[in-house]
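**Q** My questions are about this predicted structure, shown below with the sequence.
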Amino acid sequence: MTTSEWIAQLQINLPLAIGVVAALSILLFILFRYGIARLLMKLAARSKSKIDDILVRRLHPFRMAWLAPLAVIYITAFLFPDVQVLLSKLSLFFILWISVLTLSGLLNAINEIYESRPNYNGVSIQGYLDIAKLLFVVVGIILSITLLTDESPIVLLTGLGAIAAVIMLIFQNTILSLVASIQIAANDLLKEGDWVEVPSYEADGDVVNINLHTIKIRNFDMTYSVIPTYKIVDVAFRNWRGMKESGGRRIQRSVTVDMVSIKFCDAEMLGRLGKIDLLSDFLAEKTAKLEAYKTEHADHFDSPLDGPQITNIEVFRAYITAYLKNRPDIYTTGMPFLVRVLSPGPTGLPVELYVFAKTTEWEVYEIIQAEIFDHLLAAANYFDLRVFQEPTGVDFASFAKSVKN
């Protein structure tokens, strides 16, 4: 029996045609799902490369196996003339959407492979892939409508011009997000892994994901903030990437000195402080200049205000400078290094440190900062300086006791 005779026999024998098509569909489905699909998964599992594992996981071979029986139904639909059109359209409809899902899975695989590279620098391409997935869905919808209505896609696309305003309204956020994604990428504003602060959204943490519509930030309290992509270019935010790339983190903190404790250094104090190794050269030079001035103006130098003097706060600042320069974890060149006095205030005279630690790690930075100020708070007393703090209950109790006595 020839092929044409066999086909003619199937067309006049409906039960036989159904049985043959069903058997062939089931056979191919079993072959692809439990044969080829499982083989691909086993090969990917045995391979040392992670790329094939990602492809197999994202493409879903078991789902793709349905393409085989659907293709059989589409090809053999002519065997059932009464429902040929319906079978063809249904099979093509499911083939179309399985293909759309498969292409979307492929784009997800491309994004995962891209972000798993050893040299990945945090520049996300997920926003662009989301746009491609959106286009696939739009094309799928258009083809589905043309498939069900038997209209040409060109006619449908021509009709879309009349409802362009509606489409713009529906996809307003998507269009704004697309423009924002281009701005973010073009100006290098944000990358995955950046530490950012967005005060208007109470977000402070690391960027973990950037896609077309949202930016996901894991805050330092382990909560998540999700910000619309198009909003990030409309609000003020701080990106700490520059700090990490510089290799140093700023320390800007003050020790507030009680101004009543500031005084001129007498000979005894200068002798005592001159024994400090970090101050010996500084005080020797200052003392020599002071003695030279006294000798030159001995005829009228009878008051501390008659000439230059050395104050304990000046010596304390010199000590802080020498102490910081003696620490290996502080930048003394290449970055700002200041020990300065700010404007006096009701809480005292602030002596501010404006220096940079040689680390960007949070824990190490806090340890360095704590060590410095622990040391300076304890050292202030050696310069006859008092560190200002608001009176406490103990202070009031001591005052009351002294008044009674």
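**A** Happy to help now that I have it. Numbers count the residues shown, from 1 in each chain.
**Q** burial count for residue 390?
**A** The number of residues packed around residue 390, counting by other Cβ atoms under 10 Å, is 6. Using the backbone N, CA and C atoms, a C-beta is placed for each residue, glycine as well.
**Q** How many residues are close by the closest residue to it other than its chain neighbours?
**A** Take residue 390 and drop its neighbours on the chain: the residue closest to it by Cβ to Cβ, 6 or more residues apart in numbering is residue 347, 7.7 Å away. The number of residues packed near residue 347 is 14, by other Cβ under 10 Å.
**Q** Can you give me the buried ones in stretch 110-125?
**A** Using 16 or more other Cβ atoms under 10 Å as the test for burial, stretch 110-125 gives 110, 111, 112, 124, 125.
**Q** Export that stretch to PDB, keeping only CA atoms.
**A** Taking C-alpha atoms only, stretch 110-125 is exported to PDB below (Å, rounded to 0.1, in the frame of the first residue of the first chain):
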ATOM      1  CA  ILE A 110      21.500  34.500  29.200                       C
ATOM      2  CA  ASN A 111      21.100  36.900  32.100                       C
ATOM      3  CA  GLU A 112      22.100  34.300  34.700                       C
ATOM      4  CA  ILE A 113      25.200  33.300  32.700                       C
ATOM      5  CA  TYR A 114      26.200  36.900  32.300                       C
ATOM      6  CA  GLU A 115      25.900  37.600  36.000                       C
ATOM      7  CA  SER A 116      27.700  34.400  37.000                       C
ATOM      8  CA  ARG A 117      30.900  35.400  35.200                       C
ATOM      9  CA  PRO A 118      34.000  35.900  37.400                       C
ATOM     10  CA  ASN A 119      34.600  39.300  35.900                       C
ATOM     11  CA  TYR A 120      31.000  40.500  36.400                       C
ATOM     12  CA  ASN A 121      31.100  44.100  37.500                       C
ATOM     13  CA  GLY A 122      27.500  44.700  38.600                       C
ATOM     14  CA  VAL A 123      26.300  46.300  35.300                       C
ATOM     15  CA  SER A 124      22.900  44.600  34.900                       C
ATOM     16  CA  ILE A 125      21.400  43.700  31.500                       C
END
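**Q** mean confidence for it?
**A** Average pLDDT, stretch 110-125: 76.
**Q** where in the stretch 151-300 of the chain is pLDDT low?
**A** By pLDDT under 70, the weakly predicted segments of the stretch 151-300 of the chain are 153-171.
**Q** which residues of it fall in helices?
**A** If DSSP state H, counting those that start in this stretch is used as the criterion, the helices of the stretch 151-300 of the chain fall at 153-160, 164-170, 172-187, 229-232, 241-246, 267-274, 277-296.
**Q** deepest of these, which one?
**A** The highest average neighbour count among these, using mean count of other Cβ atoms under 10 Å, belongs to helix 229-232 at a mean of 22.
**Q** what sits against the residue nearest to residue 390?
**A** 256, 388, 390 (Cβ atoms under 8 Å, 6 or more residues apart in numbering).
**Q** All good on my end, thank you.
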